[in-house]
Structures are given as structure tokens and as C-alpha cells.
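A.B. asks: structure for this input, please:
(6 chains)
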Number of protein chains: 4
Amino acid sequence: MNSNKLSKGELTKQRLLQSAAKEFAERGYHEAKISTIVSNVNLTQPSFYLYFKNKEAIFQELISHFRNQLIPFVERTYEIAKLPHDEVPQRIQVGLSHLFQFFASDPNLTKVAFYQSEQGEEFRLVMIEMMASIFKHYQEVGLIRSSLFIEVAAEGFIAMLDRFTYRIILTNERDIDTLAKQMSDTFFYGILAER
Amino acid sequence: MNSNKLSKGELTKQRLLQSAAKEFAERGYHEAKISTIVSNVNLTQPSFYLYFKNKEAIFQELISHFRNQLIPFVERTYEIAKLPHDEVPQRIQVGLSHLFQFFASDPNLTKVAFYQSEQGEEFRLVMIEMMASIFKHYQEVGLIRSSLFIEVAAEGFIAMLDRFTYRIILTNERDIDTLAKQMSDTFFYGILAER
Amino acid sequence: MNSNKLSKGELTKQRLLQSAAKEFAERGYHEAKISTIVSNVNLTQPSFYLYFKNKEAIFQELISHFRNQLIPFVERTYEIAKLPHDEVPQRIQVGLSHLFQFFASDPNLTKVAFYQSEQGEEFRLVMIEMMASIFKHYQEVGLIRSSLFIEVAAEGFIAMLDRFTYRIILTNERDIDTLAKQMSDTFFYGILAER
Amino acid sequence: MNSNKLSKGELTKQRLLQSAAKEFAERGYHEAKISTIVSNVNLTQPSFYLYFKNKEAIFQELISHFRNQLIPFVERTYEIAKLPHDEVPQRIQVGLSHLFQFFASDPNLTKVAFYQSEQGEEFRLVMIEMMASIFKHYQEVGLIRSSLFIEVAAEGFIAMLDRFTYRIILTNERDIDTLAKQMSDTFFYGILAER
DNA sequence: AATGAATGAGAATTCATTCAT
DNA sequence: AATGAATGAATTCTCATTCAT
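C.D. replies: The predicted structure follows:
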């Protein structure tokens, strides 16, 4: 599908990126060894430098690839706020599910981007920003209670998303949709009974 | 007994532990340098080995110290479930505030234990366990709604706690009690309006 | 015969030689990179080995080319001694000027041959030899004072030639003829006043 | 004499400097290997970094040491111009002899400073400057002919000095004083006979 | 209780060179 | 006549750790 006639070199580069994602995910930036990255794709070390200037460069290329996918994803998610207001929970839940799926689609990359890179926090902030903006919109139109502390809620939401992403990536213990549903439920309705 | 009259050696050891916590917190285990740890307390490298077998040992001693404080703390928090049932939110909120305070009391150590060590996840699981047990209890007595997914809620709660702990440690942007209140509010009542 | 219609391959070889002269001149043998030599003529590294066995080979080809030009030049300069004896200073000065001109005609090559190669000293010795022989001849016929230490004078003359060649190559600060004249003047008449 | 109670470390550092001077002199900066420098004094590579930040640092320390000796030497030589004017040739010759001796006293260092470092030219310029100033002075008082091109003469003088220094360093073929005398003679009186 | 001096093991990176096409 | 892809062999430098004092 996305492998339409890659030249040998391009293929090697992709293989290196994948191998690097795995190595970085497993050991973190500094403990990741170029020797491991290359030997996993049956290359020698000098070959690495045919494709990347140095260790930092391949790392940044991974992060940058992640950003290039994440940002549009987030942009699209903003749209939620522009849709008709019925079934808001339903919509957010679907959006959440999509995010989980996106992160789960390349676990190594996600792990590197969120947990091994200095940009991880930047990515979180982008998402918090997005949630805050969505929450604010719905608060204005009365779907979200006016007493909610938007910033705390947005950050808390992303904290949960983050945690369950981590779970999904590390252990496949639940199916994603169910998890999205349960997390949304908790978040929307809170935990208390009567009131 | 382990009184305040520390011998010179014991004092040096304490200073090393503190310096190490700082260094590990700032750079992570692998990037932390023994040379930095010792020079921050005006010692030479060989002196380090008078007190600790190796780098791993001082790290584990830090983690172990953290565990020794955290576990009793958590045990005590369990007690919440055994108290009279009025004012549950209030109680949980106070517990949360205490946790924040505990973590904030030694930010370097907390950072290392939660974010730089492999045991970080273990500590989180202990806390999730605790929350789940508390939630379960309150669900049984009807204070928490029966439709709540306990495990997800507990894990979500700790995810938020985790996130805001991180915020508190890194930036002192809010006072802890307010944050505890706002996070509790979000979590207890959810975000939606009507209900 | 080795006419101006160069085949493509011969042309490429010449281009490589020129590029190499530049690179060797700028960085010296060991710091010169084949990658730079080839990329300056828009070739890839393997192409280099189509024309030269290795780095050493292209270097020696440059030196050898220089020698092939220098030796006849020196031979011809010997002729000075065989000419009528009037206007000796004038003749030597003209010879000097020619040498300067020769060296300046391919600065990169000259720089490499004299200052970057082990054969540089050999070239200097050849020239010292030549000057000594010329001086000796003129000493015998009484044009050069009998108290002159021929070897030292010859070596000193070449030392100056060498230095000013270096100047000419690196900075075009003076016109060559003037320099030749001033150097000759210094050398012929010494520096003292009276006499 | 200059080895009054060096601590072991200081001694090792001196040994490394000497070994480095030798290695740099023989192979030039880039081809010099730290492995050779250390193994010549029976140390392992990491020990090198106990004493010098890197290869560049030890090199600069050598050059800087050379400069610290050369500059005062040159300053003192300036004094020649301030002395009574009889026996000028004699004085310059003695100064020359001293310079030769100075350079010969640490051949490796001299070779490195003059021929392997980028500062070599700077050192030459300082000396040319000095000679020009001396020549100018004597020209003004009539000891040096007014038709002399001071700059060319000064540069030529240093060129000879340079050359014979090189000879002295590489081969001990003549005794220094004789060489100084012969070079001075050539330079002062020129080469021509009658006039 | 502490240090001066030294090292073993390993990591990234560079570069001339080759192979297959 | 030329290139895409790859590598062997070095080399600098870092760091935890040890030894002798």
C-alpha cells in the first residue's frame, strides 16, 4: 500500500526508522545504541550515517513524523466544537477512541514521542489546549456545567487519555472502544451517585 | 536513636543521597553522572564508593526510601473507607491534598521515583489499587454510583493525580489545596450540565 | 598529440587532478577528503577509483606532474652560468622572476608540492644544488666574491625564494617582477652601507 | 633544576606534553594519535583526559608555552637597536646565534610551533616585524644602506633563519655558531665581488 | 574519612575503499 | 563512464569504577 516502489535506499531508511523507534522506545534516547539499531536491520554502523547525520537526527525525524501526523489529527478534532450540539458525549467519546487508535497504530513511535522526547510535553500541551477550547465552547452553550474549571478538566482529561494510551500501548488488555467509552463515562458523569 | 546527632560519615551519606536525587531528577538515571553527584557535595569520586556499592545502589536506596514513605502513607489513606460516610468528597479531597503535599515535600525524590525509575509504575499501581478499593467500598454503600467502572475511575484518578503532581513539582503555579479542590470537583461531579 | 581533444574520461581525470590539487592545497594530504575532491567535480566516490588506485596515487600523480615541470625548468636555469658574464645580476634576477612566475602559474600545485609533500624538500635541494652550481661558476670567474660561503648562500637564496613564493601564492600583494628585483638587490648587495 | 618536587600528576602532565610534542612534530596535528602519545609514557587513553580536555587543548598548551618563551626572547632582541652602533654585524650575528640555540633547545616544540601550527606564520611575522624595526633603525643612523628594501630584507632574513633552523633541528650537520656567522656574512655583505 | 592517579569498557563518528549494477 | 549502497578500520572521548595511600 504505502510501499509503491521504494528504492533500496529508501527502504533501508524506513527500516532504520522503524528499528530506531523500537530501540528508542525500549531504552530511551541515551541508552539507545546505534549499533543495535543497525544490527536489527542487518547493517553496519557506517551505513547508518548514509541516511542520518547522527543519532539526534534520526530521533528528530521520528518526532517530526509524529508531529506531522498528530497536529492535523488534533486540528480535525477541534471540529467537534463546530458540530450540532446533540450527542456531545457521544462525539467526544468517538474522538477519544480515534486518538487511542492513532496512538496504538504505531506504539513505538507514540511511546518515543510522548515519553522519551522533550517534545512530549509540547504534544500534551497541544492536546490540553484543544480540549480546553472544546470544553469552553460547550460550556458557553450550556452543555457543560458552568462551575467546571475548564483548565483543570482539560488537563485531567488528557492525563487520563495519556494514561490509558500508555496502557493500550504496553498491554493490550482491553479493547479500545470499550476503554474510550468507560473513560468518557467516568469523565462526563463523575463518580458520585445521587446529587 | 537515628537521632539528630549524625556522625560525619552519616552526614556525608545523606548529602550524597540528596545530591543524587537532584542529579537523577534532572537528568535521569543513565545521564546522571557520579562525578556531578560528588562534586556537588565537594567530594571526590572514590569517596562515593565508600558509601555506595555503585550507581545502581544509590539509586535503589533513593527509591527504597521513597517506598518506605509512600506505602505507610497509602495504608493510612485506605482508612478513609473506614470512616463515617458523610462528607466523602471532602475526605477524599483532603487525602488528595495530603498526597500532593507529600509528593511536593521532596520533589526531586518524587520525580525520580515516579518518572525515572522502573518502579514508578509499581507505585502507581499501588495507588490505583488503593483508590479502587476505596471507590468500591463507597460504591457498595451507595455513595458512588453503581454504574461507575471502578478500575477505570481509579486509574483515571491516579492519572490526574500524577499529572498534577508533575505540575506542582515542576512549576509552583497553583497552591496545592486549590488544585486538590478543583481536581476533586471535576472528578466527583463530571463535566456535564443537566443531571 | 596529447592534443586538445580530450576524451570524456581524460577530461574527467584532469578535473579530478585539479580538484585534488585544490583540496590538498587547502587541507593537506591527510585532511583532504576524497568525498570533497569528487563532489567538487560532481562525481561520486566510486568514480574516483576509476581513475586512481587510491588517495596516495592521485597525490603522487600531482607531485610527479610538478616534478616533470620543475626539473626541465631548473635544467634550463643552469644555462645562466653558460652565458656571457656581463649583467649577471640582471640574469639571475630574470631567472628568479621566471621561477616565481612558474610557481604562481599553478598555486595549488606548487603549494602541495612544496609544503604538503615529503618530496618538497627534495625539490628544494634540487634548486639549492642548482644555485650552488651557478654561484660556484661565477665565483670562479670572479663575479662573486671569493669569501662567500657558496652552500649557505645557495640555501639562503632558495629560502628567500621559497618564502616569497609562499607570499605570492597566498596573497597577491606585490607584482612579481618588483619582488624579484627587490629580493635580488638584497641578496646581491647585502644590507650594509659603506663597503 | 626545574624538577624540584613535581607531584606525580604534574610529572605525568609534563611527560604527556613532551610525548605530544614528539608525536605532533613527527606526524602533524591531525595524524598525531592520542593513543601514541599516551602509550609512549605508559598510560592508557582515559588518563590523557585527566590532564587535557582534548587533543586540541594539549596542542594549544604546547604552542602557548612556545609563545611564552619566544615573545620575551624577541622583545630582548629588539634591544639590539638600542645599543651603541659599532659592531652591528657582530651583534646581530650573536642574536641570530641565540635564536638558533633557542630553537634547537627544544626541536620538537619548535617544529610543531613553526611548521605544524596555524600560529607558525604569526610567529614568523613577529620576527619579521622585529627585524624590520631593527633594520630601519640602523638605516636611519646610516649603518644600513639607504637603498635597502627594509620589508623584503627583513622577510628574507627570517626566511633564512627559518630554513637554517629547520636544518639544525633535523640534522645536526654544522655547529650553530659557524652557521650563524656564515648566514650573517652572506646577508650583510651580499654575494657580489667588487662593486 | 578521604583523595590522587589511573583504567576497562564502550559509544559515536569519520573516511577510504569496494561491490554489484 | 558512472553510481547506489555498503563496510572495515580507526579514532576521539566518556564514565563508572578501582588501587594505593
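
A.B. asks: check contacts around the residue nearest the centre of chain A.
C.D. replies: Computing the C-alpha centroid of chain A and ranking residues by CA atoms, centre = their mean puts residue A:103 first, at 4.3 Å. Residue A:103 sits next to A:110, A:165, A:168-169 when contact means CB atoms under 8 Å, 6 or more residues apart in numbering or on different chains. In short, each C-beta sits where N, CA and C put it, glycine included.

A.B. asks: lowest confidence element among the helices and strands of chain A?
C.D. replies: When each helix and strand of chain A is scored by mean pLDDT, DSSP states H and E, helix A:88-105 comes last, with a mean of 89.

A.B. asks: quick check: next helix or strand after it?
C.D. replies: Counting by DSSP states H and E, the element after helix A:88-105 in chain order, helix or strand, is helix A:107-111.

A.B. asks: chain D versus residue A:160, what's the distance?
C.D. replies: According to CB to the nearest CB, to the nearest Å, residue A:160 stands 48 Å off from chain D.

A.B. asks: how deep is the closest residue to that residue other than its chain neighbours tucked in, by neighbour count?
C.D. replies: Sequence neighbours aside, residue B:156 is the residue nearest to residue A:160 in space, at 4.4 Å (criterion: CB to CB, 6 or more residues apart in numbering or on different chains). Residue B:156 is flanked by 26 other residues according to other CB atoms under 10 Å in any protein chain shown.

A.B. asks: okay, how far is it across stretch A:170-183, tip to tip?
C.D. replies: End-to-end distance of stretch A:170-183 (CA to CA, to the nearest Å): 18 Å.

A.B. asks: who touches it?
C.D. replies: A:93-94, A:96-97, A:100-101, A:104, A:160-161, A:164, A:167-168, B:149, B:152, B:156.

A.B. asks: gap between stretch A:133-146 and the chain center?
C.D. replies: 25 Å (CA atoms, centre = their mean, to the nearest Å).

A.B. asks: if you look at that stretch, does any of it touch chain B?
C.D. replies: Yes - shown here: stretch A:133-146 in contact with chain B (CB under 8 Å from any CB of the partner chain) through A:135, A:142-146.

A.B. asks: show me what from chain A comes close to chain B.
C.D. replies: Counting by CB under 8 Å from any CB, chain A comes close to chain B at A:28, A:30-31, A:89, A:135, A:142-149, A:152-153, A:155-156, A:158-160, A:162-164, A:167, A:179, A:182-183, A:185-193, A:195.

A.B. asks: same thing but 7 Å
C.D. replies: A:30-31, A:135, A:142-145, A:148-149, A:152-153, A:155-156, A:159-160, A:162-163, A:182-183, A:185-193 (CB under 7 Å from any CB of the partner chain).

A.B. asks: mind checking which of these are buried?
C.D. replies: Neighbour-count burial (16 or more other CB atoms under 10 Å in any protein chain shown) applied to the residues of chain A next to chain B gives A:135, A:143-145, A:148-149, A:152-153, A:155-156, A:159-160, A:162-163, A:182-183, A:185-193.

A.B. asks: closest point of chain A to chain D, which residue?
C.D. replies: residue A:54 (18.5 Å; CB to the nearest CB).

A.B. asks: read off the pLDDT value for residue A:165.
C.D. replies: With respect to pLDDT, residue A:165 scores 95.

A.B. asks: could you check how far residue A:63 is from residue A:17?
C.D. replies: Noted for residue A:63: a distance of 11 Å to residue A:17, by CB to CB, to the nearest Å.

A.B. asks: er, residue A:97 I mean
C.D. replies: 27 Å.

A.B. asks: so what's the gap between the one helix or strand residue A:160 maps to and the chain middle?
C.D. replies: Residue A:160 is part of helix A:150-170 when elements are defined by DSSP H and E. Centroid separation for helix A:150-170 versus its chain: 10 Å, with CA atoms, centre = their mean.

A.B. asks: report the angle between the axes of it and helix A:88-105?
C.D. replies: 40 degrees (axes from the mean of the first three to the mean of the last three CA atoms, to 10 degrees).

A.B. asks: okay, and the nearest residue to residue A:31 once chain neighbours are set aside sits in which element?
C.D. replies: In space, and not counting its chain neighbours, residue A:31 is closest to residue B:30: 5.2 Å by CB to CB, 6+ apart. Applying DSSP H and E as the criterion places residue B:30 in helix B:8-31.

A.B. asks: buried residues in the next helix or strand after that helix?
C.D. replies: Note on helix B:8-31: by DSSP H and E, the next helix or strand toward the C-terminus is helix B:34-39. Using 16+ other CB under 10 Å as the test for burial, helix B:34-39 gives B:34, B:37-38.

A.B. asks: mind giving me the packing neighbours of the next helix or strand after helix B:34-39?
C.D. replies: Next along the chain after helix B:34-39, taking DSSP H and E as the criterion, comes helix B:45-51. With contacts taken as 3 or more CB pairs under 7 Å, 6 or more residues apart in numbering or on different chains; DSSP states H and E, helix B:45-51 sits against helix B:8-31, helix B:34-39.

A.B. asks: so for the longest one, mean pLDDT?
C.D. replies: Just to be clear, that refers to helix B:8-31. pLDDT averaged over helix B:8-31 gives 94.

A.B. asks: could you chop chain A up by domain?
C.D. replies: Domains of chain A are assigned by automatic domain parsing as A:1-52, A:63-189.

A.B. asks: relative to residue D:78, which of those is closest?
C.D. replies: Within the domains of chain A, the stretch nearest residue D:78 is domain A:1-52; the backing value is 53.2 Å (CB to CB).

A.B. asks: next, the angle helix A:8-31 makes with the helix holding residue A:160.
C.D. replies: Using the same axes, to 10 degrees: helix A:150-170 against helix A:8-31 is 110 degrees.

A.B. asks: so how far is whichever strand or helix holds residue A:61 from its chain's centroid?
C.D. replies: Secondary structure assigned from DSSP H and E places residue A:61 in helix A:55-78. With CA atoms, centre = their mean as the basis, helix A:55-78 stands 9 Å off its chain's centre.

A.B. asks: touching DNA strand E at all, that helix?
C.D. replies: Yes - counting by CB under 7 Å from any atom of the strand, DNA strand E is contacted by helix A:55-78 at A:55-56.

A.B. asks: nearest residue to residue A:112 in space, please, no chain neighbours.
C.D. replies: Once flanking residues are discounted, residue A:112 sits nearest to residue A:24: 4.6 Å by CB to CB, 6+ apart.

A.B. asks: surely that neighbour touches residue A:111?
C.D. replies: No - the criterion here is CB atoms under 7 Å, and residue A:24 misses it with residue A:111 at 8.2 Å.

A.B. asks: higher neighbour count, the two?
C.D. replies: residue A:24 (27 against 23).

A.B. asks: measure the residue nearest to residue A:113 when sequence neighbours are not counted to residue D:75 for me?
C.D. replies: Distance criterion CB to CB, 6+ apart; nearest residue to residue A:113, sequence neighbours excluded, is residue A:66 at 4.0 Å. For residue A:66, the distance to residue D:75 equals 63 Å [CB to CB].

A.B. asks: and what of residue A:73?
C.D. replies: Distance of residue A:73 to residue D:75, given as CB to CB: 72 Å.

A.B. asks: compare these two (neighbour count), which wins?
C.D. replies: Higher neighbour count among residue A:73 and residue D:75: residue A:73, with 16 against 11, using other CB under 10 Å.

A.B. asks: residue contacts, that one?
C.D. replies: By CB atoms under 7 Å, 6 or more residues apart in numbering or on different chains, residue A:73 lies in contact with residue A:102.
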